[in-house]
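Participant: test case, fold it:
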Amino acid sequence: MKTLHRAGLLVLLLLVLARALYNLGSNNLDLKSVTYGNGLFVAVGGRGAIFISPYGADWTKLNSPTRNFLYGVAYGNGLFMAVGELGTILISPDGVDWTEQTLSTLDFLYGVTYGNGIFVVVGNRGAIFIFR
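Facilitator: This next block holds a predicted model:
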């Protein structure tokens, strides 16, 4: 029985290792969200991917300050905000230059919107954050 248990653990370990190597070798740029503001479309996704386009047809990949997955992006009050895993929040005044903000949470942040003068960010475990 112990031999089967060890063999199962070895197979599981090999599968996890294979998936990790696949992720490292692939672009893994699945895009998760898109917004429009200040004359620019901004799309975000896997491994910190940020793409911009003035017309929505031709896209340019930007250098991102994070490798964390980004799940949401919004525009409001002259700012873009992108949110993602492990509490990642990125801010940009123009959609091109992005800076990472510190948020003391490890929650995965899945959505962001702007309205009534505030950004509202939502995440796992019922997390809700408000930024003015």
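Participant: quick one: pLDDT of Ile28?
Facilitator: Not Ile; residue 28 is Asn. pLDDT for Asn28: 61.
Participant: tell me the contacts of Gly87?
Facilitator: Leu103, Ser104, Thr105, Leu106, Asp107, Leu109 (CB atoms under 8 Å, 6 or more residues apart in numbering). Where C-beta positions appear, they are placed from N, C-alpha and C, glycine not excepted.
Participant: does the fourth one really touch Leu86, like I thought?
Facilitator: Going back to what we said before, that points to Leu106. Yes: in this structure, Leu106 is within contact of Leu86 by CB atoms under 8 Å, at 5.3 Å.
Participant: who has more neighbours, those two?
Facilitator: Taking neighbours as other CB atoms under 10 Å, Leu106 and Leu86 compare with Leu86 leading, 13 against 10.
Participant: now stretch 105-119, how far from the chain's geometric center?
Facilitator: 12 Å (CA atoms, centre = their mean, to the nearest Å).
Participant: where along this protein do the strands fall?
Facilitator: 31-37, 40-45, 50-53, 60-61, 70-76, 79-84, 89-92, 99-101, 109-115, 118-123, 128-131 (DSSP state E).
Participant: paired strands for the shortest one, with orientation please.
Facilitator: Strand 60-61 has these partner strands in its sheet, going by DSSP bridges: strand 50-53 (antiparallel).
Participant: got the CA positions of stretch 70-82 in PDB?
Facilitator: Extracted in PDB, the C-alpha atoms of stretch 70-82 (Å, rounded to 0.1, in the frame of the first residue of the first chain):
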ATOM      1  CA  LEU A  70      -4.400  40.900 -13.700                       C
ATOM      2  CA  TYR A  71      -8.200  40.300 -13.700                       C
ATOM      3  CA  GLY A  72      -9.800  43.700 -13.900                       C
ATOM      4  CA  VAL A  73      -9.200  47.200 -15.200                       C
ATOM      5  CA  ALA A  74     -11.200  50.400 -15.100                       C
ATOM      6  CA  TYR A  75     -10.900  54.100 -16.000                       C
ATOM      7  CA  GLY A  76     -12.200  57.000 -14.000                       C
ATOM      8  CA  ASN A  77     -11.300  60.500 -12.900                       C
ATOM      9  CA  GLY A  78      -8.200  60.600 -15.200                       C
ATOM     10  CA  LEU A  79      -6.800  57.300 -13.900                       C
ATOM     11  CA  PHE A  80      -6.600  53.700 -15.000                       C
ATOM     12  CA  MET A  81      -6.600  51.100 -12.300                       C
ATOM     13  CA  ALA A  82      -5.800  47.400 -12.800                       C
END
